[in-house]
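Trainee: Mind folding the following:
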Amino acid sequence: MLHPMELELSFHILSLMVQRDLLHLPRGHYCQPNGIILNWTRRKFVLITNHNPLTTILGQKQKVPSIAAARLQRWALLLFAYKYLKITVPEEVSSAEGRKVNLTQLTALPVTSKELARETKKDLLLSKVFRYTMQGWPPTVGSDLLPFFRKRVEISIEDGCLLWGIRAIIPSSLQDQLLDELHVSHIGIVKMKALARQYMWWPKIDAAIEQQARSCQACQVTGKLPPWVTPRSWNWPSKPFQRIHVDFTGPFMGHMFLLIIDAYLKWLEVYRMSSTTTERTIDVF
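Mentor: A predicted model of the protein is given here:
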């Protein structure tokens, strides 16, 4: 069964396909967004899923309930313009397809699945996560396991490796190596994060990527500079006290002071303040 977030992504991708008009797509094109497989020829395509609730939403001959969410109604309206064949596959077939996706993700990493599995078993933290994933999680865990505990329903094991969704969970011994791989082309923080989110995860990975990029001199030199803004000065006042500048300073000798400077005469007035509240500041003026 698809996770709600995966179902959301699948429908989003499907909506984009419909909006682009399937007439312009090549005949027999395939797509597999998280368990939904599409094979269309012009305005006809095949939809394969193991998610039974989808049969109500995507059924061609079934009406969408009037109390259904507006989002579901929009999806149904988009699909009404197309003819498709809906096929429900057994759970074991879907599991095999999911395993192919997981193995594909693992082979895309710069380390082998055997190396990843070996280091996962050696890691003190991930070895606990591995055991809890296999045997069941306790009701409460320590702070070090809390990031994994919050994702426990999305963590799986494939070929001895831990995965969060389709992203491999990287043990601490391999994190520096994979950070170097992400940073080898000096693509910047944003692109490094986007690439990592396709293949790997560990707690505080975003902070590690930011630190890696900011500590690189080449990235700082070649990075995009902020847009140039022409300096603009204040217009010179035409008479005294036409414009004043006000600010607080302190504490000094146990007191706060209100400074008032006239922009024309540079006249300075200082008031010792027992309180910096709005009411007390108004009283000074």
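Trainee: contacts and neighbour counts: CA atoms only from here.
Mentor: OK.
Trainee: Just the endpoints, please. Distance across stretch 272-285?
Mentor: Counting by CA to CA, to the nearest Å, you get 13 Å between the two ends of stretch 272-285.
Trainee: which parts of it are buried?
Mentor: Judged by neighbour count (16 or more other CA atoms under 10 Å), stretch 272-285 contains these buried residues: M273.
Trainee: Domains of the protein: list them as residue ranges, please.
Mentor: Domain segmentation of the chain under automatic domain parsing yields 4-89, 94-222, 244-284.
Trainee: weakest of these by average pLDDT?
Mentor: In terms of mean pLDDT, the lowest-scoring of these is domain 4-89 (a mean of 54).
Trainee: following the one helix or strand F257 maps to, which helix or strand comes up?
Mentor: Using DSSP states H and E, F257 falls within strand 255-262. Once the chain leaves strand 255-262, the next helix or strand it forms, by DSSP H and E, is strand 268-273.
Trainee: Can you name every helix or strand that that following strand contacts?
Mentor: For strand 268-273, the packing partners by 3 or more CA pairs under 8 Å, 6 or more residues apart in numbering; DSSP states H and E come out as strand 255-262.
Trainee: got the angle for the strand it packs on vs strand 268-273?
Mentor: 150 degrees (axes from the mean of the first three to the mean of the last three CA atoms, to 10 degrees).
Trainee: quick one on the thing from earlier: pull out the buried positions in the strand holding F257.
Mentor: Within strand 255-262, the residues scored as buried using 16+ other CA under 10 Å are M256, F257, L258, I260, I261, D262.
Trainee: Reformat those as a markdown table; add distance to W164.
Mentor: Below are the buried residues of strand 255-262 laid out as a markdown table (distance: CA to CA, whole Å):
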| residue | distance to W164 |
| --- | --- |
| M256 | 54 |
| F257 | 56 |
| L258 | 56 |
| I260 | 59 |
| I261 | 60 |
| D262 | 62 |
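Trainee: from those residues, which single one is nearest I205?
Mentor: For those, the residue nearest I205 by CA to CA is M256; the value is 43.7 Å.
Trainee: is it true that the closest one touches T249?
Mentor: Yes - using CA atoms under 8 Å, M256 is in contact with T249, at 6.0 Å.
Trainee: quick one: contacts of the helix or strand encompassing E279?
Mentor: Here E279, judged by DSSP H and E, is contained in helix 278-284. For helix 278-284, the surrounding residues in contact (CA atoms under 8 Å, 6 or more residues apart in numbering) are Y271.
Trainee: who's in contact with stretch 136-149?
Mentor: Here stretch 136-149 makes contact (CA under 8 Å, 6+ apart) with L125, V129, Y132, R152, P203.
Trainee: Out of those residues, give me the two with the largest separation.
Mentor: Greatest spacing in those, by CA to CA: Y132 and P203 (17.3 Å).
Trainee: just the helices in the stretch 151-285 of the chain please.
Mentor: Taking DSSP state H, counting those that start in this stretch as the criterion, the stretch 151-285 of the chain contains helices spanning 172-183, 189-199, 205-214, 217-222, 278-284.
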